[in-house]
Structure formats: C-alpha cells, structure tokens
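Trainee: predicted structure and sequence below. I'll ask about it afterward.
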Amino acid sequence: MEAELKISGMTCAGCVRSVEMKLSKVVGVQSAHVDLPTGRATVKYDEAHADVGKLVAAVQQIGFEAVPA
C-alpha cells in the first residue's frame, strides 16, 4: 500500500531526515520519502501492520503536522 501525507512545519533537510526516520520506524513501513519543497511524504507500507492513522501519529509525535494528501 502507498500513502501520501502533506506535512507542515518542515524548514530544512534535518526536518526531512527526522520525518523519514520516524516514519521508517513505524512497524510495517517499507520505505518513506519526504520532499521538502512540496511538503509531501510518500510512504510504502504493509497494510496488515500499519495504516494512515499510525503514519500521521508518528509525524505528529515529533512536532510536525501531517494529514493525508
């Protein structure tokens, strides 16, 4: 499964790394790519273990806002 998230609050490459690392640690996530200029994350995951709600919650835990795109 693939999800796109709109993430706000990112200002630098460090923010991108933080979001990618946090998303990658969610159980079931296979890959996470964050694009700073567009503020979007593309996440591939196994829907048996993860869902969009878990992805959004993970991003919010580190201080950014995220919503399904």
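Mentor: That came through fine.
Trainee: check the offset of stretch 11-18 from the chain's centre.
Mentor: 12 Å (CA atoms, centre = their mean, to the nearest Å).
Trainee: buried stuff in it?
Mentor: 15-16, 18 (16 or more other CB atoms under 10 Å). For every residue, glycine as well, the C-beta is placed using N, CA and C.
Trainee: same deal with stretch 20-33?
Mentor: Using 16+ other CB under 10 Å as the test for burial, stretch 20-33 gives 20, 22-23, 26, 28-29, 32.
Trainee: pull the CA atoms of it into PDB?
Mentor: Extracted C-alpha coordinates of stretch 20-33, given in PDB (Å, rounded to 0.1, in the frame of the first residue of the first chain):
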ATOM      1  CA  GLU A  20      11.800  10.000   7.200                       C
ATOM      2  CA  MET A  21      13.500   8.200  10.200                       C
ATOM      3  CA  LYS A  22      10.300   8.400  12.300                       C
ATOM      4  CA  LEU A  23       8.100   7.000   9.500                       C
ATOM      5  CA  SER A  24      10.600   4.300   8.800                       C
ATOM      6  CA  LYS A  25      10.400   3.100  12.400                       C
ATOM      7  CA  VAL A  26       6.600   2.500  12.200                       C
ATOM      8  CA  VAL A  27       6.000  -1.200  12.100                       C
ATOM      9  CA  GLY A  28       5.100  -2.300   8.600                       C
ATOM     10  CA  VAL A  29       6.700   0.700   6.800                       C
ATOM     11  CA  GLN A  30       8.800  -0.500   3.800                       C
ATOM     12  CA  SER A  31      10.000   2.900   2.700                       C
ATOM     13  CA  ALA A  32       9.500   6.600   3.300                       C
ATOM     14  CA  HIS A  33      10.500   9.500   1.100                       C
END
